[in-house]
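J.: Here is my input; please provide its structure:
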Amino acid sequence: MILRSLVGKLWLTIILLVSLVLSFLTFVLIGFFEKFYIELQVQNMTDNAIKISHIIEQHKPKSDVEYLVNNIVSRYAQVCISTDGNNAWYSSDRKGLQKIPFNQIKKDEILNNAIYDKENVSKRLMYENQENIVVGIPIKNNQKNGSVYIYQTLEPVKHMIHQTTNFVLLAAFIGFILTTFFSFFLSSKITAPLRKMREVVSGMMKGRFDMKVPIQTMDEIGELAHSFNQMSRQLNFNINALTQEKETVTNIISSMVDGVISLDHEGNIGTTNAQAVRFLRNLDNEKNSHITELTLTVELHDLFKLVVETEKKQFMEVNLDQSNWQILMSPLYNQTKIRGAVAVIRDVTEQFRLEKMRKDFIANVSHELRTPISMLQGYSEAIVDGVADSIEEMQELSQIIHDESLRMGRLVNDLLDLARMESGFTELNCQEVDIIPYLERIIRKFKNLQHDKDIEIFGEIGKVLNQYLLVDVDRIEQVLTNLIDNAIRHSKENGLIIVKFYQTEDSTFIEVSDSGVGIAKEEIPFLFDRFYKVDKARTRGRSGTGLGLSIVKNIVHAHGGKITVKSEVGKGTTFTAKFPNNLIIFKNNVE
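T.: Down below sits the predicted model:
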């Protein structure tokens, strides 16, 4: 985490820079000291060899030469003297020093220059895995190519270099540690005002615009702090002004009867009021959506895209099961570009309901009463005109008039029931009922009718968790009566109708299945519409009013349930009514 801060970055930069400089100086110094010690050693050996050669040139006794060699030559070095270029005399052996044969020296192209060319020579010579420094000095005034060679091992030099290296590394390490503390202190001191600014910015992000940065210096950072404080004061003033304006607009929007939704350039919801939230919730409930967050539906999002593309106001109507809405969406501009849109939503459910009731009543009553009224008029005129010649014909015409009047009565009663349900004025008279005997009684009502139609009706009881339900007994009986009556009318001879009851942990189901002619897929969505009838060729004898299934749907919905249809042409139809188990009031398990 420290490397993400400015302090860490400055500290790391200084450390890396100092480390590179110290590393470079360390390698340079080590190389310098190594070269210096070797050159110093060569110079000392050369001086000693010259002194020895001078003694020999003065023809001093051998004892004097030996005495000089033992006193001036290092204990790590050995002297090789040849006065004729062939034979050589060696000083006493040194501990740990390999004796280099004179022939080996003569074979070296550089070292033999002291013998043949009378030149001072020096060289690092590797002999038997031991590195040595060899210095050769010619013996002048000697016609036999004499020379003095001094050689010694590099171990003392390497030891001295090792000690020097350790000292340099220690000094570099101490410098690194001191630089670390100094750079961290310096970085912290430089970035302290910046860290304070960061704290102030964090406070401003939380709405604390009255915070200020202390001005401790008059350098560039101090000027930055002064400018930052001025910006903070101006921001505080502007935010307060915007807050007051926003509160004013919010109060206006919340007090509006119509819903208001503001959208950004991507179609995301910004500002809403209670009416708009209710509209969006209704849309979610209509689509069985479980999303808790307010979002636009596909239709509204398409309308938003159209507003953005055309840059004009757009209007649409949304009709739900229990509500109707009108939406006017207008673009919002940010100077020259569209930055979003605002939608005004008006609930016109009551207007639609009243208009729909008026139109439906006129259209449906005109359509449904036309046939029976025509038949009543026609057959009554036949009786008045004396068309019927016999009593039997008279009774037949009278029976037709009676049936049509009963049909008109059923139609009027169904219209009144349906109008009350759809207007929300239906009250459920719920009571406890033992569902199994209740279903048996309803099935027995159709005993005579099923024999007349050569149709078998059976009851089937599945998994039952509680057979006592809290329902409106008369309304549920009306539901089952309509469903069974429809099944009989649309079943073939020797058909089979099954009324099935079963329960799950959270729901109660009642199914009415038949083996009739079935219903085409394209007709299923319209089955619960008022006055909708399938092809009359499917019915066996008598036709309904077209209001039964619409009444069934409203009764099931009034109980908090849902009704669905599954059908296949030629195989039959199944109506399934699903009720929530919160209608159950007794918890007795049923085996």
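
J.: Enumerate the helices of the stretch 401-550 of the chain by residue range, in sequence order.
T.: Listed in chain order, the helices of the stretch 401-550 of the chain (DSSP state H, counting those that start in this stretch) span 435-445, 447-452, 473-489, 548-558.

J.: show me where the stretch 51-200 of the chain has strands.
T.: 77-82, 89-90, 121-127, 130-138, 147-153 (DSSP state E, counting those that start in this stretch).

J.: Packed most tightly, which of the ones you listed would that be?
T.: Burial of the strands of the stretch 51-200 of the chain is given as mean neighbour count (mean count of other Cβ atoms under 10 Å); strand 147-153 ranks first at a mean of 26. Just so you know, the C-beta spots here come from the backbone N, C-alpha and C atoms, and that holds for glycine as well.

J.: Show me what it is in contact with.
T.: Contacts to strand 147-153, defined as Cβ atoms under 8 Å, 6 or more residues apart in numbering, come from residues 41, 45, 48-49, 52-53, 56, 73-74, 76-82, 85, 94, 96-98, 100, 105, 111, 114-115, 125, 130-139.

J.: and that strand with strand 130-138, angle?
T.: 160 degrees (axes from the mean of the first three to the mean of the last three Cα atoms, to 10 degrees).

J.: Report the inter-axis angle for strand 147-153 versus strand 121-127.
T.: Using the same axes, to 10 degrees, strand 147-153 lies at 50 degrees relative to strand 121-127.

J.: Indicate each strand paired with strand 147-153 and its parallel or antiparallel sense.
T.: Strand 147-153 has the following strand partners under DSSP bridges: strand 77-82 (antiparallel), strand 130-138 (antiparallel).

J.: Including distance to residue 479, could these go into a markdown table?
T.: Below are those laid out as a markdown table (distance: least, Cβ to Cβ, whole Å):
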| stretch | distance to residue 479 |
| --- | --- |
| strand 77-82 | 124 |
| strand 130-138 | 113 |
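
J.: Select, out of those, the one closest to residue 560.
T.: strand 130-138 (103.1 Å; Cβ to Cβ).

J.: Which one of the helices of the stretch 401-550 of the chain lies nearest to residue 69?
T.: Here helix 548-558 is closest among the helices of the stretch 401-550 of the chain (Cβ to Cβ), at 126.9 Å.

J.: Mind telling me which of the helices of the stretch 401-550 of the chain the model trusts least?
T.: Mean pLDDT is lowest for helix 447-452 out of the helices of the stretch 401-550 of the chain, coming in at a mean of 70.

J.: what about residue 18, helix or strand, and which?
T.: Assigned by DSSP states H and E, residue 18 belongs to helix 6-57.

J.: Now do that helix against strand 77-82: the angle between them, please.
T.: Going by the same axes, to 10 degrees, helix 6-57 is angled at 40 degrees with respect to strand 77-82.

J.: Would you mind telling me which of the helices of the stretch 401-550 of the chain is nearest residue 193?
T.: Among the helices of the stretch 401-550 of the chain, helix 548-558 comes nearest to residue 193, with 68.8 Å by Cβ to Cβ.

J.: and the helix or strand following that closest one, C-alpha only, in PDB?
T.: Counting by DSSP H and E, the next helix or strand C-terminal to helix 548-558 is strand 562-568. Taking Å, rounded to 0.1, in the frame of the first residue of the first chain, the C-alpha atoms of strand 562-568 are listed here in PDB:
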ATOM      1  CA  LYS A 562     -54.900 -17.000 -10.900                       C
ATOM      2  CA  ILE A 563     -56.500 -19.100 -13.600                       C
ATOM      3  CA  THR A 564     -54.700 -20.700 -16.600                       C
ATOM      4  CA  VAL A 565     -55.600 -22.700 -19.600                       C
ATOM      5  CA  LYS A 566     -53.900 -25.600 -21.400                       C
ATOM      6  CA  SER A 567     -55.500 -27.000 -24.500                       C
ATOM      7  CA  GLU A 568     -54.700 -29.000 -27.600                       C
END
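
J.: List the buried residues in strand 562-568.
T.: Burial within strand 562-568, assessed by neighbour count using 16 or more other Cβ atoms under 10 Å, is assigned to 563, 567.

J.: thinking again about what came up before, can I get the strands of the stretch 51-200 of the chain in a markdown table including mean pLDDT and distance to residue 441?
T.: Listed next are these as a markdown table, based on pLDDT from 0 to 100; distance: least, Cβ to Cβ, whole Å:
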| stretch | mean pLDDT | distance to residue 441 |
| --- | --- | --- |
| strand 77-82 | 85 | 132 |
| strand 89-90 | 82 | 139 |
| strand 121-127 | 84 | 122 |
| strand 130-138 | 85 | 121 |
| strand 147-153 | 84 | 125 |
